[in-house]
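Peer 1: please work out how this folds:
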Amino acid sequence: MLLSLLLTMAYAGIMPRYFRGWRALPEWRIPTGWEATKKISILIPARNEAGHIGDCLQSILDGSYPQHLLEIIVIDDFSGDETASIAAQMAQQHANTRIRLLRLSEILPPDAVARANKKTAIEQAIALATSELIVTTDADCIAGKDWLRLLVSRFDAPDEPVLVTGPVLFHREQNVLQYFQSLDFLGLMGITGAGIHKGFQRMGNGAHLAYYRSVFQAVDGYEGNRQTASGDDMFLIQKVAARFPGRIAFLKNPDAAVQTEAKPDWHSFVEQRLRWGTKNAGLPEWPVRLILLAVFLFCWSIWINLIAFLLFSETLEFVQIIVFQLIIKAIFDWILLSEMCRYFNRTDLLRWFAPSFFLHTLYIPLVGTASLFFKKYGWKGREVRV
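Peer 2: I've put the predicted structure just below:
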């Protein structure tokens, strides 16, 4: 009972800190008179993304960043569909922009087809890239018109960041699970921005990440993390933060968001979250691990108390602590999520708060526990072992 109260108070202390941190994070706007002059290399690892890669590339080409300053490298990771041919066709159609196709099947040994090669894909593309500023996104993402101008201009700010990450949002929701993921990710964006701005944790998403090539080389890239299939973003961000203190930035602007689609069913959702969960224990920043652990244990304590009440129904103390925990979680979740929904013009998602609240309270302990014991998962036709 005492432990449940302590975990509840910890949650009540963590969430307002994120809220205040997000509010304190200044919105970035392109400075008056700023002009795009930097050449950039955009890296897009892709595996079996024939249904998305064309839209992804077109959204970048339709953006406001000058095309003659763009180099786009699509890294095909042993796709079994038309991903590579679509990228090659678009390269022929857009002569003003340098779109390059890098096939891992021509570089890596045949047995690499069974491995997750995202880190290798990015390393190979960086070696091939001709620009100092590297931008990464995912092949299933759609970029906004001013995404690159906002992102690149952030590097010219007085604080001179060497790595910038920004918002990744879900869109085109069609069921309760997808609405839940959209709300969950909005909250994660607030947590990410607040943590970076306040300097107590560094997180980010490889679908919206930019850094200097020299910085990637200075931290030895993914050295020491290649054994983990996931985490190309988190490990790199935290290594850079340790090597270049105070020079990590979050790009806060609703027009800077990169959008993708949430997982459509429980099977793909659980596999995705298992993949993400496998890296958590290996993250170098202890505050991130500690906060993840506290939230994990807090959600578990709610269910443990509920089970205890069902087994010992005459004990009203369990009812009181469960109600208290749920009220605390609901209040602070609503405060953060409503703020994020308003900022990103997605207040329509708030009507899904109640079912999402339940799903979040359930999935955190279950998937978190599963990631500790299940050492393999499916990902894009591969069976990945941790």
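Peer 1: can you give me the helices for the stretch 1-150 of the chain?
Peer 2: Using DSSP state H, counting those that start in this stretch, the helices of the stretch 1-150 of the chain run over residues 2-24, 53-61, 83-93, 118-128, 147-154.
Peer 1: low-confidence ranges in the protein?
Peer 2: 226-231, 278-284, 313-314, 375-379, 383-386 (pLDDT under 70).
Peer 1: care to break it down by domain?
Peer 2: 2-20+286-385, 26-264 (automatic domain parsing).
Peer 1: chain center to the first one, what's the gap?
Peer 2: Spelled out, it's domain 2-20+286-385. Averaging C-alpha positions (CA atoms, centre = their mean, to the nearest Å) puts domain 2-20+286-385 19 Å from its chain's average.
Peer 1: and what of stretch 107-122?
Peer 2: The answer for stretch 107-122 is 22 Å, by CA atoms, centre = their mean.
Peer 1: same deal with stretch 17-30?
Peer 2: Stretch 17-30 has its C-alpha centroid displaced from the chain centroid by 18 Å (CA atoms, centre = their mean).
Peer 1: and what of stretch 189-209?
Peer 2: That offset, for stretch 189-209, works out to 9 Å (CA atoms, centre = their mean).
Peer 1: buried residues in that stretch, which are they?
Peer 2: Buried residues in stretch 189-209, defined by neighbour count with 16 or more other CB atoms under 10 Å: 189-197, 201-209. Backbone N, C-alpha and C define where each C-beta goes, glycine included.
Peer 1: return the most buried member of the helices of the stretch 1-150 of the chain.
Peer 2: Across the helices of the stretch 1-150 of the chain, averaging neighbours per residue (mean count of other CB atoms under 10 Å) puts helix 147-154 on top, at a mean of 23.
Peer 1: run the angle between it and helix 53-61 for me.
Peer 2: Orientation check (axes from the mean of the first three to the mean of the last three CA atoms, to 10 degrees): helix 147-154 against helix 53-61 gives 50 degrees.
Peer 1: which elements pack onto helix 147-154?
Peer 2: Contacts defined by 3 or more CB pairs under 8 Å, 6 or more residues apart in numbering; DSSP states H and E place helix 147-154 against strand 40-46, strand 133-136.
Peer 1: need the contact partners of it.
Peer 2: Residues outside helix 147-154 that contact it (CB atoms under 8 Å, 6 or more residues apart in numbering) are 28, 30-31, 34, 36, 38, 40, 42, 60, 63-65, 70, 133, 135, 161, 164, 166, 208, 210, 249, 251, 253, 255-258.
Peer 1: now with 7 Å, please.
Peer 2: 28, 30-31, 34, 36, 38, 40, 63-65, 133, 135, 161, 164, 166, 210, 249, 251, 253, 255-256, 258 (CB atoms under 7 Å, 6 or more residues apart in numbering).
Peer 1: please flag which of these sit within strands.
Peer 2: Judged by DSSP state E, those include I40, L133, V135, V164, A210, A249, V258 as members of strands.
Peer 1: export those as TSV, with columns for distance to S79 and neighbour count.
Peer 2: Below are the ones in strands among the contacts of helix 147-154 laid out as TSV (distance: CB to CB, whole Å; neighbours: other CB atoms under 10 Å):
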residue	distance to S79	neighbour count
I40	25	21
L133	27	20
V135	22	26
V164	29	27
A210	25	24
A249	33	23
V258	21	22
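Peer 1: and of the residues you listed, the nearest to R23?
Peer 2: Closest approach to R23 among these (CB to CB): A249, at 16.9 Å.
Peer 1: contacts only, for the closest one.
Peer 2: Counted by CB under 7 Å, 6+ apart, A249 has contacts R154, D159, P161, V164, I196.
Peer 1: same thing but at 8 Å, please
Peer 2: Going by CB under 8 Å, 6+ apart, the list of residues near A249 reads R154, A157, D159, P161, L163, V164, T165, I196.
Peer 1: tell me the most buried of the domains of the chain?
Peer 2: domain 26-264 comes out most buried of the domains of the chain by mean count of other CB under 10 Å, with a mean of 19.
Peer 1: from the chain's centroid, how far away is that one?
Peer 2: 10 Å.
Peer 1: quick one on the thing from earlier: so which of the domains of the chain is nearest V270?
Peer 2: V270 sits nearest to domain 2-20+286-385 of all the domains of the chain, at 6.3 Å, using CB to CB.
Peer 1: quick one: which of the helices of the stretch 1-150 of the chain is nearest H171?
Peer 2: Between the helices of the stretch 1-150 of the chain, helix 53-61 lies closest to H171; by CB to CB that is 12.1 Å.
Peer 1: report all helices and strands that that closest one contacts.
Peer 2: If contacts are counted by 3+ CB pairs under 8 Å, 6+ apart, helix 53-61 sits against strand 40-46, strand 70-76, helix 83-93, strand 142-143.
Peer 1: for E223, find the nearest of those.
Peer 2: For those, proximity to E223 was assessed by CB to CB; strand 40-46 is nearest, at 18.2 Å.
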